[in-house]
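K.L.:
here is my input, please return the structure:
(one chain, ligands or ions: 1)
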Amino acid sequence: MAIHVKDLRKSFGSNEVLKGIDLDVAEGEVVSLIGPSGSGKSTILRCLNRLEEPTSGTVEVDGFRITDPKVDINQVRRQIGMVFQHFNLFANMTVLQNVMLAPVDTGKKSKAAAREQALSLLERVGLSEKANARPAQLSGGQKQRVAIARALAMEPNIMLFDEATSALDPEMVGEVLQVIRDLAQSGMTLVLVTHEMGFAREVCDRVVFMADGVVCEEGPPETLFANPQTPRLQDFLSKVL
Ligand SMILES: Nc1ncnc2c1ncn2[C@@H]1O[C@H](COP(=O)(O)OP(=O)(O)OP(=O)(O)O)[C@@H](O)[C@H]1O
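P.N.:
Below is the predicted model:
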């Protein structure tokens, strides 16, 4: 199992945001988390690489129990790429330098090897011609594709996408979804928080519907969207489809 979450709880002060989440993601599986705003989707994702400290429960990623205080979280994070809604690129570096940075900084690759890899990743996301540009010269969709290339540079086994297209103008959403679609087809384990129901339906093996900090319903998209069982999911789908 690539990801194994058991009875995960997270509170911010007195606000219990995750109320006992069980979630398994198999290697190579593509899972999307959907649900109303504030239901805890991003918080789950952030607990998967301990950007948030769970209040209780266990999270295992790639065989590491990352909720164990003794685990080297930096080592685990290197195996988990994360892409955020806002691209978080380094503005004072070129696109190529952004993608090369982590493998060089962590000693994973020499500068020459990291450069070669970065060029090949930029080709993969369709941005070879932008290698020497600065982030400010790119469109939102291009910036997000650089952010994906940068996450891939650490050769992660798992990629987490937190509303990767939510900050984009509608005409740029498709180009980012195409890159994610290609990753899904490559067999990588992906967990996506998304508001793109059409994309979830098309690309994901499984969709997990959350409401109020619990998993309400889950299943293959064709079943879940066509035949929602709970009134909450029926209500949610009636608003977003
Ligand atoms: N750092 C934080 N401090 C306090 N409260 C937080 C923090 N992060 C999240 N929350 C709260 O936790 C709840 C769940 O937030 P979360 O971002 O996980 O929801 P979400 O389902 O991803 O929502 P959205 O679709 O709007 O992004 C919200 O009520 C939010 O205000």
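K.L.:
quick one: name whatever helix or strand follows the lowest-mean-pLDDT helix or strand in the chain.
P.N.:
Within the chain, confidence by mean pLDDT, DSSP states H and E is lowest for helix 73-77 among all helices and strands, at a mean of 87. Helices and strands here follow DSSP states H and E; after helix 73-77, the next one along the chain is strand 80-83.
K.L.:
tell me the strands beside that following strand, with direction?
P.N.:
Looking at strand 80-83 with DSSP bridges, its paired strands and their directions are strand 158-162 (parallel).
K.L.:
and the least confident helix or strand of the chain, how far out from the chain middle?
P.N.:
16 Å (Cα atoms, centre = their mean, to the nearest Å).
K.L.:
wait, what's in contact with the residue nearest to residue 150 when sequence neighbours are not counted?
P.N.:
Counting by Cβ to Cβ, 6 or more residues apart in numbering, the nearest residue to residue 150 once its immediate chain neighbours are dropped is residue 99, at 4.9 Å. Placement of C-beta: from N, CA and C, glycine included. Contacts here follow Cβ atoms under 8 Å, 6 or more residues apart in numbering; on that basis residue 99 touches 118, 121-122, 146, 149-150, 153.
K.L.:
got the CA positions of the strand or helix carrying residue 99 in PDB?
P.N.:
Following DSSP H and E, one finds residue 99 within helix 95-105. In PDB, the C-alpha atoms belonging to helix 95-105 read as follows (Å, rounded to 0.1, in the frame of the first residue of the first chain):
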ATOM      1  CA  VAL A  95      12.700  28.200 -14.700                       C
ATOM      2  CA  LEU A  96      15.600  25.800 -15.100                       C
ATOM      3  CA  GLN A  97      17.200  26.800 -11.800                       C
ATOM      4  CA  ASN A  98      13.900  26.300 -10.000                       C
ATOM      5  CA  VAL A  99      13.700  22.700 -11.300                       C
ATOM      6  CA  MET A 100      17.300  21.900 -10.600                       C
ATOM      7  CA  LEU A 101      17.400  23.400  -7.100                       C
ATOM      8  CA  ALA A 102      16.200  20.600  -4.800                       C
ATOM      9  CA  PRO A 103      18.200  17.700  -6.400                       C
ATOM     10  CA  VAL A 104      21.400  19.800  -6.200                       C
ATOM     11  CA  ASP A 105      20.700  21.200  -2.700                       C
END
